[in-house]
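1. I would like to see how this sequence folds:
(2 chains)
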Amino acid sequence: MPAVQETVEQVRAIDVDQYKYGFVTDIEVDKAPKGLNEDIVRFISAKKGDPEWMTEWRLEAYRRWLTMREPTWARVSYPPIDFQDQYYYAAPKKQAGPKSLDEIDPAILETYKKLGIPLREQEILAGVQTSRVAVDAVFDSVSVVTTFKEELKKAGVIFCSISEAIREHPELVRKYLGSVVPVTDNFYATLNSAVFTDGSFVYVPEGVRCPMELSTYFRINEKNTGQFERTLIIADKGSYVSYLEGCTAPQRDENQLHAAVVELIALDDAEIKYSTVQNWYPGDAEGRGGVYNFVTKRGDCRGRNSKISWTQVETGSAITWKYPSCILRGDNSRGEFYSIAVSNGYQQVDSGTKMIHLGRNTTSRIISKGISAGRSQNTYRGLVSAHRKAANARNFTNCDSLLIGDQCGAHTVPYIEAKTASAVFEHEATTSKISEDQLFYCMQRGLSAEEATALIVNGFVKDVLQQLPMEFAVEAQKLISISLEGSVG
Amino acid sequence: MLEIRNLHVQIEDKKILNGLTLTVNDGEVAAIMGPNGSGKSTLSYVIAGKEDYEVLDGEVLLDGRNLLEMDPNERAAAGVFLAFQYPLEIPGVATMSFLKAALNSQRKARGEDELSTPELMKRVRGAAERLQIPQDMLKRALNVGFSGGEKKRMEILQMALLEPKFCILDETDSGLDIDALKIVSDGVNALRGDKRSFLVITHYQRLLNYIVPDTVHVMANGRVVKSGGKELALELEANGYADYRTQAA
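-> Below you'll find the predicted structure:
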């Protein structure tokens, strides 16, 4: 595992408490006035060039949202959010729908370069030779550029921003948008439905194996700006796609709001693999600032033998409220959830999954690894349910928690509901602490305290890291070590 | 050369070492024997730098360098190796990866180049063969699910790979059957040399039939109360520790 060594070097190179992505890009922006009302919803809709049906969809969501209350059941606490004190739209001023990389503000390109995202295709080609990644980059509210578009087109794959999809592929969007996460689903999803500004759209046609990894990078740059992206991925019969999203934000004293919705639809024999490396700004050492990450992610295994797999590495955000789920509707369908959630400082994580077994012979697997350090609180919350018609539903759940230090907390809240006698659900959970003895043993062999912690943590999360595409696994490993910096010694 | 002078150590207000003095010369194999609670394991932990032990007075010098001012990893890089009585399990970390990380950290601390992976694997495989450790064990997580004997052999493998100057064997014979004891002892004997010295901590004389010491020291009540040649071990075997217990009290 040479990556262990790399992790360690990365950690050495970075000062304690320094969020690597905490820079702000100075560019001119086009903003909506602060606050939220029907006019703002119309403003956003007009800015996006929405057709009328979309504007109506948004307004309906907004009206519904006014009647809803924020959920309070999660094990997180924060002062009330003033939803009128946010900007709901911010876009880099210079361009409206860039045609090529040359039309993009060089400052934005510079930002993505700092983030290590290879926007220019030639850079991608020069980098990893064995695999290539198509990238859609979302800056505040708009999608800046999508690479490899032409090549994907040849394969019949549509990969573009959701705004473009609404304009260019309305039949697909109308058919699937809101079909997994209804407009009325929950407070944040409904808010998102009203004001979402951009995000990615993927359609993989019948029988096509997407020729490359697809990836989206999200970046919140503007102050007091919420980011509300919407992602919709449809894998038609017998197709396959692997998709990765990454997220960062500048370091700010105020809290930034992020409420995304992701919908996945897998038809007969299709497979979607969705990976997330989430590194929103977590706040400073005293718990000031950081992103509120309230996200609704759900996949629908709509067809027979379909499969949806969620893999997430969560190291960022002040508060995380997120439960990527699978609805196992098609017979023989399969859902998977692999998660690493790292919390340090004053971070609060309430995350997990829902596996809803509706079809026959459906199977699901949940592997969750929570790592808590500092004064953070890390909760796994998961639901596994079987409908009465879900004969032979099977689930295996394994939740492990690792504590570093004695001021953090780890909590496991599993819910199990089986309405058929033929369901078999297994649940395993462990909580362990990196022991002084383990650290001493590693140090006696020559590893520093940080190296020893990184090594033990990497061993703990190995099962999940193996699920990530290779190049991202290394990145994720580095991130985990960076987030745990200063937690020992 | 390891020199310990007038070492006083306590843990949680309980005094364990009471003015211990001991010198181990280069190339020497020194055995430490003594009853339970005499402070043998504490001595090994204090040399290696485990936290929780409070040094009240005294010095521990390796080739004139003050070990007590160093972190455990710095002591390791300086050449201190402790073969644990109860080696720790590191879940999810393949043995080979662990060995690589450990060796390269030490080399880096000494300003040496990292060892290439093929060279490292060659060395590890060679050592594993001598200790009759199956190759597939190197792919498994370190010490996880290993038997007591396998763990002890793995300790000696690490010792062979890291090439320390000063090796401490803390009750390495405990839990070993006679065959495993021979393998481990052969492994240790193969590492003996002019520049390397050993501190062999044991309850029983049995181990010293296989790892024959140059000197034997009897510890009681946190001090060395008698020193002699290898015949002292036989004498202890015959008469037990009773004399020393009364002497210390």
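2. drop to CA atoms for contacts and neighbour counts, all remaining ones
-> Will do.
3. So for stretch B:236-248, mean pLDDT?
-> On average, the pLDDT along stretch B:236-248 is 73.
4. can you point me to the longest strand in chain A?
-> strand A:290-301 (DSSP state E).
5. Write out the residues of chain B neighbouring chain A.
-> Counting by C-alpha under 8 Å from any C-alpha of the partner chain, chain B comes close to chain A at B:48, B:50, B:72-77, B:81-82, B:87-93, B:97, B:101-103, B:105-106.
6. again, only this time at 6 Å
-> Applying C-alpha under 6 Å from any C-alpha of the partner chain, one finds that chain B approaches chain A through B:72, B:73, B:76, B:77, B:88, B:91, B:92, B:93, B:97, B:102, B:105, B:106.
7. Do you have the strands of chain B handy? List them.
-> B:2-11, B:14-24, B:29-33, B:54-62, B:65-66, B:80-83, B:166-170, B:197-202, B:215-220, B:223-228.
8. Using TSV, please lay out the ones you listed together with mean neighbour count and mean pLDDT.
-> Output for the strands of chain B, formatted as TSV (neighbours: other C-alpha atoms under 10 Å in any protein chain shown; pLDDT from 0 to 100):
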stretch	mean neighbour count	mean pLDDT
strand B:2-11	18	96
strand B:14-24	19	95
strand B:29-33	26	95
strand B:54-62	17	96
strand B:65-66	14	95
strand B:80-83	26	97
strand B:166-170	24	96
strand B:197-202	24	96
strand B:215-220	23	94
strand B:223-228	18	93
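9. how about those strands, which one is nearest residue B:128?
-> strand B:80-83 (16.1 Å; C-alpha to C-alpha).
10. Number of residues surrounding residue B:235?
-> 12 (other C-alpha atoms under 10 Å in any protein chain shown).
11. Then residue A:339?
-> Quick note: residue A:339 (other C-alpha under 10 Å) scores 29 neighbours.
12. what's the answer for the one 10 residues further on, then?
-> Using other C-alpha under 10 Å as the criterion, residue A:349 is surrounded by 31 other residues.
13. wait, it sits on residue A:375?
-> No. Residue A:349 is beyond contact range of residue A:375, at 11.8 Å (criterion: C-alpha atoms under 6 Å).
14. picking that back up, chain center to the longest strand of chain A: distance?
-> Its chain's C-alpha centre lies 6 Å from the corresponding centre of strand A:290-301 when counted by C-alpha atoms, centre = their mean, to the nearest Å.
15. Just want the most central residue of the chain.
-> This is for chain A. When C-alpha atoms, centre = their mean is applied to chain A, the residue found nearest the centroid is residue A:276 (4.4 Å).
16. please go with chain B instead
-> Central residue of chain B (C-alpha atoms, centre = their mean): residue B:168, at 1.8 Å.
17. wait, isn't it in contact with residue B:197?
-> No. Between residue B:168 and residue B:197 there is no contact under C-alpha under 6 Å: 8.8 Å.
18. Now do the contacts for residue A:205.
-> residue A:236 (C-alpha atoms under 6 Å, 6 or more residues apart in numbering or on different chains).
19. Could you pull up phi and psi at residue A:83?
-> Torsion angles at residue A:83 (phi, psi; degrees, to the nearest 10) stand at phi -70, psi -10.
20. ok, how many other residues are close to residue A:81?
-> Using other C-alpha under 10 Å: residue A:81 sits among 12 other residues.
21. Over to the one 5 residues further on?
-> Under the neighbour criterion other C-alpha under 10 Å, residue A:86 is assigned a count of 19.
22. What's the first helix or strand after the helix or strand that contains residue A:234?
-> Assigned by DSSP states H and E, residue A:234 belongs to strand A:230-235. Counting by DSSP H and E, the next helix or strand C-terminal to strand A:230-235 is strand A:240-248.
23. between that next one and strand A:290-301, how big is the angle?
-> Here the directions of strand A:240-248 and strand A:290-301 differ by 170 degrees (axes from the mean of the first three to the mean of the last three C-alpha atoms, to 10 degrees).
24. distance between strand A:240-248 and the chain's centre?
-> For strand A:240-248, the distance to the chain centre is 8 Å (C-alpha atoms, centre = their mean).
25. Check which element follows that strand along the chain.
-> Next element after strand A:240-248 (DSSP H and E): strand A:255-258.
26. burial count for residue B:116?
-> By other C-alpha under 10 Å, neighbour count at residue B:116 equals 10.
27. Can you check the pLDDT for it?
-> pLDDT, read off for residue B:116, is 90.
28. quick one, strands of the stretch 201-350 of chain A?
-> For the stretch 201-350 of chain A, strands defined by DSSP state E, counting those that start in this stretch occupy the ranges A:213-219, A:230-235, A:240-248, A:255-258, A:261-266, A:271-278, A:290-301, A:307-314, A:319-322, A:325-328, A:334-343, A:348-357.
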